[in-house]
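**Q** 3D, please:
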Amino acid sequence: MKRLIAIVIVLAMGGVLLCGMDVYAQKRGSPSGYKSHKGAKAIDGDTYSHKGQRYRIQQYNAPERGQPGSRKATQRLQQKLDSGSYEWKPVAKDAYGRTIVKERRK
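**A** Sure thing, here's the model as predicted:
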């Protein structure tokens, strides 16, 4: 029973953190929470760095560095970042401390 209560508490805290992240996102940048990360640096095809923070694009999977197709995927992400035509909205944090972001075209 104590274990079940502990699990429920952990799950509830996770929900609060995710909701808090969405509120945090909406307070920064545009009212929708989306903002441009122009000037960011692509790390690989689905991860980039901006102002000392690392971001991972939600529901997007690209080859990791060193895998076939990784260079092209990284170049494509860098073109998106440089174009200023895309915006990202923080939605969560992953196990590696990266901010998970939703992507949309302006």
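**Q** looking at the chain, which helix or strand does the model trust least?
**A** Of all helical and strand segments in the chain, the minimum by mean pLDDT, DSSP states H and E falls on helix 2-27, at a mean of 54.
**Q** Can you list the neighbours in contact with the helix or strand that it is followed by?
**A** Later in the chain than helix 2-27, the nearest helix or strand by DSSP states H and E is strand 41-44. Residues outside strand 41-44 that contact it (Cβ atoms under 8 Å, 6 or more residues apart in numbering): 48-50, 54, 62-65, 70, 73-75, 77-78, 81. All C-beta atoms are positioned from the backbone trio N, CA, C, and that covers glycine.
**Q** low-scoring stretches of this protein, by residue?
**A** 1-6, 8, 10-30 (pLDDT under 70).
**Q** Farthest-apart pair in the contacts of strand 41-44, please.
**A** His50 and Pro63 (21.4 Å; Cβ to Cβ).
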